[in-house]
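In: From the sequence below, what's the structure:
(4 chains)
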2 protein chains.
Amino acid sequence: MTARIQASSSVPVRQSSVRAHNLALVLQTVATSENPISRAFTAAATGLTRATVSALVDDLIAGGLLVERDPAPRSGAGRPAAGLALAPDGAYGLGLEINVDYLAACVVDLSGQVRHRVVTYADQRLGSWETALTRLAELAAFPGASGAALAVPGLVSADGIVRVAPNLGWQNIDAATVLSEALGMPVAVDNEANLAALSELRAAGGRPTFGYVSGEIGIGAGLVLDGALYRGVRGWSGEIGHLPVHPDGRACRCGARGCLEQYAGQEALLRAAGVAALADLPDDADLGEAGAALGIALAGVVNLLDLDTIVLGGIYGPLLPRLLPGIERELRQRVLTFDLAPITLRAAALGADAAMRGAAESVIRSVLDDPAAFLGRA
Amino acid sequence: MTARIQASSSVPVRQSSVRAHNLALVLQTVATSENPISRAFTAAATGLTRATVSALVDDLIAGGLLVERDPAPRSGAGRPAAGLALAPDGAYGLGLEINVDYLAACVVDLSGQVRHRVVTYADQRLGSWETALTRLAELAAFPGASGAALAVPGLVSADGIVRVAPNLGWQNIDAATVLSEALGMPVAVDNEANLAALSELRAAGGRPTFGYVSGEIGIGAGLVLDGALYRGVRGWSGEIGHLPVHPDGRACRCGARGCLEQYAGQEALLRAAGVAALADLPDDADLGEAGAALGIALAGVVNLLDLDTIVLGGIYGPLLPRLLPGIERELRQRVLTFDLAPITLRAAALGADAAMRGAAESVIRSVLDDPAAFLGRA
DNA sequence: CTCAAATAATTCAACCATTGAACAAATCAT
DNA sequence: ATGATTTGTTCAATGGTTGAATTATTTGAG
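Out: Modelled structure (predicted):
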C-alpha cells in the first residue's frame, strides 16, 4: 500500500511525494498524446519547467516506461525535438475473467494494445471453484506481467473475496489469494461491470463521469464518477439489476418483486421473444418492454446522479438500436432535467471483451497513476 | 482558484503545494480533536516531524487560525505541552437560506459554533427575486465573515446560477453575483439538500459515504461519497423526488407518473391524512404509503450506490419513527445485500437549520481544507 | 533538596525537488 | 554563411522537510 497524494487526505506530504506526483503527471501527459511529443511540449502542457520535465523524463526512460522516438514532423525553425512515447515493453497488465460459460485472459501493454488473448468456453458451474481458478491460472501463464486483475460476475468486497456470485454458485471465495499464489504476482478482484466501465474510460473521451450498464444473465452497472470508479462503502455498488421498476410486478430470484432484471435481463428478453438463445432472437423481436424497463431504471439513476452519458454493454451493445426507443421515451418523460441538457446513450466500444480488457487496463492504470511505486521496486 | 494537491490531477506540484497540504493536515488534526492537543501529539498523529509541525503551527497561529490554550491535563513526567485549538475568532462562515416561507442567515465560527442566527418568516413567492435577495442581504449584514454560501430549493449549476427553483418560481437567477455584490464577499450557491448533507458530515462520525434525504414540498437528496459531496456532471444530482416508484401511478407536476414526490412529498402526506398543515397531522396518521414509497426509492439508491447510512431530514426527521416500518420492510425485501450488512437509518441531527448550517460550514470547510489560500490573502 | 528521567518544543545543518537563467545544440530562412 | 528560433541541459538559488542536537520544564526517587 503506497501513500498517494490527495486532497484532504490524512497522509503527510514530503518532497518525494512531489516527485511521485509530477512523475505521474508527465507520464500521463505522454500517455494521452496521440503522437510522440517533445519534452518542451510536455512542459508547456503540464505547467512544469523544461528543466524539471527533462529530469523526470530521464527517470522514466531509465525505468523503462518511456522511450525516445521520432516525433511528429513539425514545420518552422529550431532544433528538432526528441519524441517521447510510452515504452512498448515498459509494463504489462494481465486481465482475467471468469464467467458462467467461459474463462478468458489477456495481456495489455502500457499503451493499451492487446498483446495476448485467450478464451476457452466451458460451463464453469460443472466443476469446483478450485478447478476453475487453476484452469484460469494455467491459461494465463504469460510471463512478465507486473500485476493482474480478475473480473467476476458477483459481489466482491474490498479484500478481494468474492462474497456472492450467484451464476457461478460461489460464496466467500478468496480468489485473490489463490490466484496471486498461482501466478506469482499481485491479483486484484473486482466486479465485471466495474472493470468494464473502466475499459470505457479510455473511449469516453474526456468524460470522467458516466454509467456503464452491463446486460448479461444479471444486469450490473459500473459507475465512473469524477474520473474514478465508485465502488460504494463495501464495494457492492452498481446492482442496477435489482432496482425496482414495477414494485408489484414479477417475482425475482432475489426475493423481491419487479426488479429490472425480470424485464430486461437476458432470460426475460428470451422469454418475451419465445426463443432459447440470443442467436435465435429474430431481427424484428419486440424489445419494447425491456427498453421501457431500462428507461425507468436509468431515469432514476440519472435523476439521482446527474449523468450525461450512459454506455450500454454486454448483450445490450448489439441490441441497442432496438432498445433505444423505449429507453428514450421513458428518459424524456421521467428525467427532470431532460429539457435542460442532453443525455448521450451509446453502445460499449469493446463488446464482450470489455471486462477482461478493463481488468488488464486497471493494472496498467495503476502503473500510470503511480510510476514512482513501479520504478521503486523495478 | 488555487491549485490543490490531488491524485491524478493535471496540475503540477511544487514545494509550496507541499506546505499547503501539510498546513491543512495540521489544522484538520487540531480541528477534529475534542480537546486542545500538543504539537508533539499532532506530529505523531500526522506522521510529520515535530520540527515541521512547530513551523506549520507558527504559521497558523500567526494567521489567526490556531491559538494556544491550556491542554488537557496529563499524568507523568516531562515538560507540559502547550495546547493547540482552533481560534474562536479565526474565521467566520456566513450561511444563507431562502425557501418558500422564510429567509434565514447564520454565522458559524471555525469550530462550528453558531455565533448569530436570524430567521424571518414571509412568503417569498409574493415578491420578486430581487426583493428576496435584497432582504436576505440586509438580514445577513454581519461583518467579518470570510465568505458565504446560499442554500436554494432548486437546481443550481456550477457557476452559481439558479436554473430552476419551482417552489420559488425562479428561473436562471444569478443569485451568486447579486449577493456577492450586496455583501462584499464571495458567495457560493448550492442546492439545499447538498448543503444539508454537508452539515451532517460532522455528525456522521467518520462515515464519509452516506445519503441525506430532505423532505419538504419537494424531496431532495445530498450524496456524500468517499468524503466529498457528489454534485453530478452539471450540479443537478440528488433529484430523488422524481425517482419512479410506481411507473404507472399518479401524475406528477414534472410531467411523469409515479414519482416519489407524489407518495412521500409534503403535499402527499397531508392529502393522505386529510389535513391542511403539518401541525394538524394526528399522531396516529397512517404514513404507510409514504414509508413504502420511500423504501422503494431508497432500495434503488442503496442497490446502486452501496450506502450503509441514510440520514432523513426536513419533515422526515420528526416523522421518522412512523415512516421507519414501511421503509425497512421495503429495504429488507429489495436491497440485494440486506442480509450481508446492515443499513443505518437515522434522523438528521440539525433539523430545520441543516441547510443553512451546512452552507455556513461549507465556508468554514473551505478554510480548513486550504488554509494556505486563506492565509495568503489575509 | 537535589538530581536523574522524561517529555515538549526549538534550532540548525543536510537533503531534496523545483525554478529560472544561462548555455549548448540543431535546424530553418534569408 | 549567418541570424533567428526552438529544444534540451547545466547549475546556483529557493523553499520545504528531516533528523539530530539542544533547550525548557516537569515528575519522581533517593
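In: what's the host helix or strand of residue A:117 in contact with?
Out: In the assignment (DSSP states H and E), residue A:117 maps to strand A:114-121. Strand A:114-121 is touched from outside by A:92, A:101-109, A:135, A:139-140, A:142, A:353, A:357, A:360, with contacts defined as Cβ atoms under 8 Å, 6 or more residues apart in numbering or on different chains. C-beta: built from backbone N, CA, C; applies to glycine.
In: again, only using 7 Å
Out: A:92, A:101-109, A:139, A:142 (Cβ atoms under 7 Å, 6 or more residues apart in numbering or on different chains).
In: Pull the number of nearby residues for residue A:72.
Out: Residues within reach of residue A:72, counting by other Cβ atoms under 10 Å in any protein chain shown, total 14.
In: SS state for it?
Out: coil (DSSP: H, G, I helix; E, B strand; the rest coil).
In: Just want to check the distance between residue A:23 and residue A:33.
Out: Using Cβ to Cβ, to the nearest Å, residue A:23 is found at 16 Å from residue A:33.
In: Neighbour count for those two, which is higher?
Out: Using other Cβ under 10 Å, the more surrounded residue of residue A:23 and residue A:33 is residue A:23, with 23 against 17.
In: Break chain A into its domains for me.
Out: A:15-86, A:92-195+A:354-377, A:197-351 (automatic domain parsing).
In: which stretch among the ones you listed comes nearest residue B:290?
Out: Set against residue B:290 and scored by Cβ to Cβ, the domains of chain A come closest in domain A:197-351, at 14.1 Å.
In: re the thing from before, adjacent strands (with direction) for the strand holding residue A:117?
Out: Here strand A:114-121 is paired, per DSSP bridges, with strand A:102-109 (antiparallel).
In: For the partner strand, list the C-alpha coordinates in PDB.
Out: Extracted C-alpha coordinates of strand A:102-109, given in PDB (Å, rounded to 0.1, in the frame of the first residue of the first chain):
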ATOM      1  CA  TYR A 102     -16.000 -19.200 -20.400                       C
ATOM      2  CA  LEU A 103     -12.600 -18.400 -18.900                       C
ATOM      3  CA  ALA A 104     -10.600 -15.600 -20.500                       C
ATOM      4  CA  ALA A 105      -7.200 -13.900 -20.100                       C
ATOM      5  CA  CYS A 106      -5.400 -11.100 -22.000                       C
ATOM      6  CA  VAL A 107      -2.200  -9.100 -21.700                       C
ATOM      7  CA  VAL A 108      -2.200  -5.400 -22.400                       C
ATOM      8  CA  ASP A 109       0.800  -3.200 -22.700                       C
END
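In: pLDDT below threshold where in the stretch 151-300 of chain A?
Out: Applying pLDDT under 70 to the stretch 151-300 of chain A flags the ranges A:205-206.
In: how about the helices in it?
Out: Taking DSSP state H, counting those that start in this stretch as the test, the helices found in the stretch 151-300 of chain A are A:175-183, A:192-203, A:261-264, A:266-273, A:288-305.
In: got a markdown table for those helices, with distance to chain B and mean neighbour count too?
Out: Shown next, in a markdown table, are the helices of the stretch 151-300 of chain A (distance: least, Cβ to the nearest Cβ, whole Å; neighbours: other Cβ atoms under 10 Å in any protein chain shown):
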| stretch | distance to chain B | mean neighbour count |
| --- | --- | --- |
| helix A:175-183 | 17 | 19 |
| helix A:192-203 | 11 | 26 |
| helix A:261-264 | 10 | 26 |
| helix A:266-273 | 16 | 16 |
| helix A:288-305 | 4 | 25 |
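In: Isn't residue A:233 up against residue B:309?
Out: No: here residue A:233 does not reach residue B:309: they are 8.1 Å apart, not a contact under Cβ atoms under 7 Å.
In: Farthest pair within the contacts of strand A:114-121?
Out: The most widely separated members of those are A:101 and A:109, with 28.3 Å between them, by Cβ to Cβ.
In: Now for the residue of the stretch 151-300 of chain A found nearest chain B, how many residues are close by?
Out: Closest residue of the stretch 151-300 of chain A to chain B, Cβ to the nearest Cβ: residue A:232 (2.5 Å). Residues near residue A:232, counting by other Cβ under 10 Å, number 23.
In: give me phi/psi at the nearest residue to it once chain neighbours are set aside?
Out: Nearest residue to residue A:232, sequence neighbours excluded (Cβ to Cβ, 6 or more residues apart in numbering or on different chains): residue B:306, at 2.5 Å. Per-residue torsions, residue B:306: phi 50, psi 60 (degrees, to the nearest 10).
In: Over to the one 10 residues further on?
Out: Summarising the backbone geometry of residue B:316 under the convention degrees, to the nearest 10, its torsions are phi -70, psi -20.
In: Would you agree residue A:24 falls within a helix?
Out: Yes: applying three-state DSSP, one finds residue A:24 inside a helix.
In: Might one say that it is in contact with residue A:369?
Out: Yes: taking Cβ under 7 Å as the definition, residue A:24 is a contact partner of residue A:369 at 6.0 Å.
In: near chain B, which residues of the stretch 101-250 of chain A?
Out: Within the stretch 101-250 of chain A, the positions adjacent to chain B are A:155, A:163, A:209, A:221, A:225, A:230, A:232-234, A:236-240, A:242-247 by Cβ under 7 Å from any Cβ of the partner chain.
In: Of those residues, grab the buried ones for ChimeraX.
Out: Typed into ChimeraX, the line below selects the buried ones among these, using 16 or more other Cβ atoms under 10 Å in any protein chain shown:
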select /A:155,163,209,221,225,230,232,233,234,236,237,238,239,240,242,243,244,245,246,247
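In: With residue A:189 as the reference, measure out to residue A:257.
Out: Distance from residue A:257 to residue A:189, by Cβ to Cβ: 31 Å.
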